[in-house]
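Enquirer: pasting the sequence and the predicted coordinates here, then a few questions.
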Amino acid sequence: MGPAIEVKNLITRYGDRVILKDISFQIPRGKITAIVGGSGCGKSTLLKHLIGLLRPVSGSILVGNKDIASMDDKALDEFRRHIGVLFQGSALLNSMTVGDNVALPIREHSRLNEATIKIMVKMKLDLVGLSGFDDFYPSQLSGGMKKRAGIARAMALDPEMLFFDEPQAGLDPVTAAGLDNLIMKLRDLFRMTLVVVTHELHSLFTIADQIVMLDKGDLIFAGTVEEFKSSVDPRIQRFITRQPEEETYCPEDYFSIITAD
Amino acid sequence: MSNLPESLVSYIGKRTLLFLRVVHDISVLINSVFYWTFIAPFTTGKIRLKSTISEMVKVGYNSIPIVSVISFFVGMILALQSAYQLRKVGALIYIANLVGVSLTRELGPIITAIIVAGRSGSAFAAEIGSMKAAEEVDALRSMGINPVSFLVSPKMLAMLIMVPCLTIIADFVGIVGGFFLSVTAINIHPQNYIQQTINALMVKDVITGLVKAVAFGGIITIVGAYHGFQVSGGAEEVGMRTTASVVSSIFMVILFDLFFTALFYYFT
């Protein structure tokens, strides 16, 4: 069985700025792959490419034998029915109750009756530890509960892959640890392929099976956690040991930065 | 100074490209809105009835008090202004003609459109804009749900139905306002006023007003949705886009009003 996702020579840019510079790697099936890197290194952009929200300038993203980088909108919508995404701010629809949020993808993509949908919603909420919160609005939930509700919604259609954009951002250490446990539970129970964008070191070493590291748009590492820890690459060592990076400008660069429009 | 021609050309080029991008984005949005509102329900068999009714209540039913009050006052103002001129020639009874025709053909649709642009167009921009800022629009797309289908189509249908309905209410209440002022302050006999209004009004006056109202409903929805989807930053941009949506909706409504008025003047 091949990898769940294979990224080949992916290049993307915003205007003239190149965000991802010709990166290639594989995401293995049934494991947790963490995409790490400093702020602004392009990891959230990479995630948006993996779920088809952005299209690259060139390169391919193969899921099975289909390239999502060149799919039309209809095929992309079909692909997205088989994945779930938890956004950084959980992105629950604030005008709907938690139950309706979880039911939304089921109502949109199936013709199940309401009674069945209600049972499915209760099951999903129970899975993430939010039983009995069906009628609450997102504004009535804490940050950690919102993330859990977001995972329940991402799980609604029993996806083959789940993507998380910085799931621990803004959470206290205890809640974040609870979320880590939930992510591992999903892998172990459902043998799902999970992709987690993060820069939380503790969480990274707790949950990840595989690590992909980006630095200023370059792929600098793709391998197991052990390989990551033993890497001699100074950028990886700086990341692991939390060493600040000196901003080094040559005088000409500095001049052009401060005088640019 | 040698760079002046170059910067001028560059400025014009940048502005032109920006304008073309806006035209492109609006065209794509219009295409998408019309597809998801009028074609997709037949091809997919999916009509968002519940959201459409909810939007109809917000856009239409909840606007009835403000539309009624403003139209009533406008009807009275029109009657007073007409009386100011008509009493010089002793033709006060023609107040009924002026109030009836100008309300149904022009003021009813435009007052309604301006109120709806301020109430609902701004709400569309703010709602979609804050959803965009909170990644809710991306979340919809990631669930395989088209944001235009989910967010804009129910609003479009609601506006196309409710703005003409509100316009009928505005026409009627405005005429009642003119009637009220004429019979109380100007001492026109109620029976005469009513008869004069019936004689003056033709079905085509009401129809042309309603055609305008349908178009205004569509314009306000598109403009509100366009500004909402353009939000890329945070709360500040939502506020800016909301304001911009009201200003551009009112501008577009008046521009299209001129177009329709000219069209009906020559072709009806």
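Expert: Sure, I can see it.
Enquirer: for chain A, what lies in contact range of chain B?
Expert: Chain A comes close to chain B at residues A:48, A:51, A:53, A:77-81, A:83, A:85, A:87-89, A:91-94, A:104-105, A:108-109, A:153, as judged by C-beta under 8 Å from any C-beta of the partner chain. All C-beta atoms are positioned from the backbone trio N, CA, C, and that covers glycine.
Enquirer: now the buried members of those residues.
Expert: When neighbours are counted using 16 or more other C-beta atoms under 10 Å in any protein chain shown, the residues of chain A next to chain B contain these buried positions: A:48, A:51, A:53, A:77, A:79-81, A:83, A:85, A:87-89, A:91-93, A:104-105, A:108-109, A:153.
Enquirer: just the ones in helices from the residues you listed, please.
Expert: A:48, A:77, A:79-80, A:104-105, A:108-109, A:153 (DSSP state H).
Enquirer: would TSV of the residues you listed with distance to A:L201 be doable?
Expert: Written out in TSV, the entries for those read as follows (distance: C-beta to C-beta, whole Å):
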residue	distance to A:L201
A:K48	23
A:D77	36
A:F79	32
A:R80	31
A:L104	34
A:P105	33
A:E108	38
A:H109	37
A:R153	28
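Enquirer: got TSV for those, with pLDDT too?
Expert: Formatted as TSV, the entries for those read as follows, by pLDDT from 0 to 100:
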residue	pLDDT
A:K48	90
A:D77	85
A:F79	86
A:R80	87
A:L104	92
A:P105	91
A:E108	87
A:H109	86
A:R153	91
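Enquirer: nearest to B:A235 among those?
Expert: B:A235 lies nearest to A:K48 out of these, by C-beta to C-beta, at 22.1 Å.
Enquirer: contacting residues for that closest one?
Expert: The contact partners of A:K48, by C-beta atoms under 8 Å, 6 or more residues apart in numbering or on different chains, come to A:54, B:138.
Enquirer: swap the cut-off to 6 Å and go again
Expert: A:L54 (C-beta atoms under 6 Å, 6 or more residues apart in numbering or on different chains).
Enquirer: check A:T198 too.
Expert: Taking C-beta under 6 Å, 6+ apart as the test, what A:T198 contacts is A:34, A:166, A:204.
Enquirer: format those as TSV; extra columns: neighbour count, secondary structure and pLDDT.
Expert: Formatted as TSV, the entries for the contacts of A:T198 read as follows, by neighbours: other C-beta atoms under 10 Å in any protein chain shown; DSSP: H, G, I helix; E, B strand; the rest coil; pLDDT from 0 to 100:
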residue	neighbour count	secondary structure	pLDDT
A:A34	25	strand	91
A:E166	20	coil	86
A:L204	22	helix	85
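Enquirer: and those residues, which is closest to chain B?
Expert: A:E166 (11.6 Å; C-beta to the nearest C-beta).
Enquirer: ramachandran angles for the closest residue to that closest one other than its chain neighbours?
Expert: Of all residues not flanking A:E166 in the chain, A:Q88 sits nearest, at 4.9 Å (C-beta to C-beta, 6 or more residues apart in numbering or on different chains). Backbone torsions of A:Q88, given as degrees, to the nearest 10, read phi -60, psi -50.
Enquirer: repeat for A:F255
Expert: With angles defined as degrees, to the nearest 10, A:F255 sits at phi -60, psi -40.
Enquirer: how much space separates it from chain B?
Expert: Separation of A:F255 from chain B (C-beta to the nearest C-beta, to the nearest Å) stands at 19 Å.
Enquirer: now the helices for the stretch 151-268 of chain B?
Expert: Remark: helices of the stretch 151-268 of chain B, listed N- to C-terminal, are B:153-184, B:190-200, B:203-230, B:235-267; assignment by DSSP state H, counting those that start in this stretch.
Enquirer: need those in a markdown table (columns: mean neighbour count and mean pLDDT).
Expert: Compiled in a markdown table, these are given as follows (neighbours: other C-beta atoms under 10 Å in any protein chain shown; pLDDT from 0 to 100):
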| stretch | mean neighbour count | mean pLDDT |
| --- | --- | --- |
| helix B:153-184 | 23 | 95 |
| helix B:190-200 | 15 | 92 |
| helix B:203-230 | 23 | 94 |
| helix B:235-267 | 16 | 92 |
